[in-house]
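Chemist: sequence unknown, structure follows:
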């Protein structure tokens, strides 16, 4: 930021009240489109924060651009915070969450509990922590086992947290339909026996979406009913549950009602800098809060993160249990994914999985291209790739789609 802009900010700040603004204020621009910044007209009575944002909106800062995310297909975690996220941070409360005094964090937790139909919620720093903390809170004393889809994030992408934190045995199931687990898949792998040679299943963990495929609500209800009849706990890794809801497959509360706990990630596809939430029963959350402290996850002036998380969720997913009626920007990423899948298949390429939400799986083996070579070729076009999985998100640019098409032409 130039010295002229800084001096102007200081002069303007002296002309208005410096009284703190309540964290519930939402008078800032939407993250919906970086290029279409919407600010109020000149108003001598607007507050200092709004005046500052007016200047920052035209400043050469990272908050005004999706930057490298516009060409990054590796994951939807690369979505970047925007100027409205910064506005939420500036307006956030700055009290201590360990003492349960931070208004922004308390408000977010209460709001998420209400959206999902649970009594309580706890804000944590990542989706991985949400899963691992939930599992650790549920499982109290070995021997116990967790049954999960063999492709699950909790098994492959969370640094072996289950082994180190819960001491649980892993039991895996493969979907017989090749896409998502059904109740029959679960029944074949779960251990309910009193045989002392066996490790009893205590918890079933599902993931939605998984590999971009939605776990259908009706099948989830069947699994839930059977698990509860047999005294089993259920956890949902809902890091991308937003995508299932945006696809019109059910709402947050309908899915959450099938589980004892749900983790939701604000940084996947929504643009929050970090943060996730676990929703569950009051006693469960109280226990999770103590364990979070022991894991080093309790945070002090965390309102800067919880405010950013809420703003990102409400701007990109939308209000209420179903988000935007038309799916908003998340649905747009689904349309982009379908378009990318079509670009690949129309050139003769094969897909290794069906495209349902925001993830496309191109079959590089069938195209006789090594993943590492595919990634390296992508860099020649200014693209960031991660092998056969191509992830679309709302900050991907049309220029990036065009470059991806050029790469497909070269590969196929």
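Modeler: Done, it's in. All values reported here derive from a predicted model rather than from experimental measurement.
Chemist: how far does stretch 360-368 sit from the chain's center?
Modeler: Centre-to-centre, stretch 360-368 and its host chain are 26 Å apart (CA atoms, centre = their mean, to the nearest Å).
Chemist: phi, psi for residue 390 please.
Modeler: For residue 390, the backbone dihedrals (degrees, to the nearest 10) come out as phi -110, psi 120.
Chemist: what's it in contact with, if anything?
Modeler: By CB atoms under 8 Å, 6 or more residues apart in numbering, residue 390 lies in contact with 73, 337, 340, 359, 360, 361, 362, 404. For the C-beta atoms, the positions are set from N, CA and C on the backbone; glycine is no exception.
Chemist: likewise for residue 304?
Modeler: Residue 304 is in contact with 89, 92, 94, counting by CB under 8 Å, 6+ apart.
Chemist: mind redoing it with 6 Å?
Modeler: Taking CB atoms under 6 Å, 6 or more residues apart in numbering, we find residue 304 in contact with 89, 92.
Chemist: just to confirm, which helix or strand has it in it?
Modeler: Secondary structure assignment for residue 304, by DSSP states H and E: helix 303-312.
Chemist: helices and strands around the following helix or strand past that helix, which ones?
Modeler: With elements assigned by DSSP H and E, the helix or strand that comes after helix 303-312 is helix 328-346. Secondary-structure packing of helix 328-346 (3 or more CB pairs under 6 Å, 6 or more residues apart in numbering; DSSP states H and E): strand 359-361, helix 398-411.
Chemist: run the last query once more with 10 Å
Modeler: If you count contacts as 3 or more CB pairs under 10 Å, 6 or more residues apart in numbering; DSSP states H and E, helix 328-346 packs onto helix 241-246, strand 359-361, strand 389-391, helix 398-411.
Chemist: just the mean pLDDT for that helix, thanks.
Modeler: pLDDT averaged over helix 328-346 equals 97, rounded to a whole number.
Chemist: and it with helix 398-411, angle?
Modeler: 20 degrees (axes from the mean of the first three to the mean of the last three CA atoms, to 10 degrees).
Chemist: how far does helix 328-346 sit from the chain's center?
Modeler: Its chain's C-alpha centre lies 19 Å from the corresponding centre of helix 328-346 when counted by CA atoms, centre = their mean.
Chemist: if you count neighbours, what's buried in it?
Modeler: Residues of helix 328-346 classed as buried under the neighbour-count rule (16 or more other CB atoms under 10 Å) are 328-334, 336-341, 343-345.
Chemist: do stretch 273-284 as well
Modeler: Buried residues in stretch 273-284, defined by neighbour count with 16+ other CB under 10 Å: 273, 274, 275, 276, 277, 278, 279, 280, 284.
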